[in-house]
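> here's my sequence, what's the structure:
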Amino acid sequence: MTDMRERAAAYVRELQDRICKALEDLDGGARFREDRWEREGGGGGISRVLEKGSLFEKAGVNTSVVYGEVPETLSGQLKGSGGEFYATGVSLVLHPRNPHVPTVHANFRFMTRGEGAWFGGGADLTPYFPHKSDVRHFHGTLKAACDAHDPAFYPRFKKWCDDYFYLPHREEMRGVGGIFFDELPADEAHFDFLRSAGDAFLPAYLPIAERRMGTPWNDRERAWQLIRRGRYVEFNLVYDRGTIFGLRSQGRTESILMSLPPQASWAYDHHPLPGSPEEQALAFYQPGNAWA
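Numbers count the residues shown, from 1 in each chain. Below you'll find the predicted structure:
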């Protein structure tokens, strides 16, 4: 088990480096600020945040290795049994300034509790003005990564993502989904899959950002982006497992909440104009859409 812990931690750190380099190159302006932190109780992490860039209004790519006694607030919610846990992973959220460039989230992790060990993670896309070609590219790239290991993975993990990134109080998804998986046995086959999924992130997202980053935008489109970002905040603060785990395991608050956008808005009883691009976007935010 110690060997898998070290290998998983090494992979997520390497993936963090690779993703940060690609994002800095794409942004062409700002650079990531790095903070190294220690967790009271065991472990720590490396937080990297880019703000006020040419493309990214805010981008965070974090890694952590935390361990120790299972907090009482997590004991009944964390898989397995035993008094000690270990978790390592990389988590990222990118919030572009241009409303035509989607927000994106991904995380890939390895966890243990007692004698149990498992992998989890995934990636999902949140466009504000969706294009079918973009959504199909994102899903198609993730599907190819899944199919290389098991053709049953993509349909299973795509549905899991649709169900997970769903706001029941809004009766809509926060975006167009992707893949989500959890509690996969920590064997070599699933570690290979975890790495394939992690390696697929940049090919899935970068072509979309490159295609849309030069699109002109106006105040109306910006207002819609901020409203949809509000949905993002609602999910992350109410339902997101990573946020809940981080806060309840005494993680670093600034690193956990880096997923939140720098600006968001809530307009009372807002409804897009009939036939507008904003209304058309709502059709994308429904579970069960077939994209790949």
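> every contact and neighbour count from this point should use C-alpha atoms.
Will do.
> what's the first helix or strand after the lengthiest helix in the chain?
When the chain is parsed with DSSP state H, its longest helix is helix 2-27. Using DSSP states H and E, the helix or strand that follows helix 2-27 in sequence is strand 33-38.
> give me the sheet partners of that following strand and which way each runs.
Using DSSP bridges, the strands paired with strand 33-38 are strand 43-51 (antiparallel).
> send the alpha carbons of the strand it pairs with over as PDB?
Provided in PDB are the C-alpha atoms of strand 43-51 (Å, rounded to 0.1, in the frame of the first residue of the first chain):
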ATOM      1  CA  GLY A  43       0.300  16.100   5.600                       C
ATOM      2  CA  GLY A  44      -0.100  19.300   3.500                       C
ATOM      3  CA  GLY A  45      -0.200  20.400  -0.100                       C
ATOM      4  CA  ILE A  46       0.800  22.700  -2.900                       C
ATOM      5  CA  SER A  47      -1.800  25.300  -4.100                       C
ATOM      6  CA  ARG A  48      -1.300  27.200  -7.300                       C
ATOM      7  CA  VAL A  49      -3.600  30.000  -8.300                       C
ATOM      8  CA  LEU A  50      -3.500  32.200 -11.300                       C
ATOM      9  CA  GLU A  51      -5.500  35.400 -11.200                       C
END
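> quick check: angle from it to helix 2-27?
Interaxial angle, strand 43-51 versus helix 2-27 (axes from the mean of the first three to the mean of the last three CA atoms, to 10 degrees): 10 degrees.
> contacts for strand 43-51?
Under the criterion CA atoms under 8 Å, 6 or more residues apart in numbering, residues 30-39, 56-67, 255, 258 lie in contact with strand 43-51.
> also stretch 222-229?
Contacts of stretch 222-229 (CA under 8 Å, 6+ apart): N98, P99, Y128, R174, P261, Q263, A264, S265, W266, A267, E278.
> avg pLDDT for it?
The pLDDT scores in stretch 222-229 average 98.
> drop anything exposed from the contacts of strand 43-51.
Buried members of the contacts of strand 43-51, scored by 16 or more other CA atoms under 10 Å, are 30-32, 39, 56-67, 255, 258.
> what comes up buried for the longest helix of the chain?
Going by 16+ other CA under 10 Å, helix 2-27 has these buried residues: 5, 8-9, 11-13, 15-16, 19-20, 23-24, 26-27.
> G140: which of those is nearest?
In terms of CA to CA, no member of the buried residues of helix 2-27 lies closer to G140 than I19, at 19.8 Å.
> go ahead and confirm that closest one touches L202.
Yes: if you go by CA atoms under 8 Å, I19 and L202 touch, sitting 7.0 Å apart.
> in helices, which of the buried ones among the contacts of strand 43-51 appear?
Checked against DSSP H, those include these in helices: S255.
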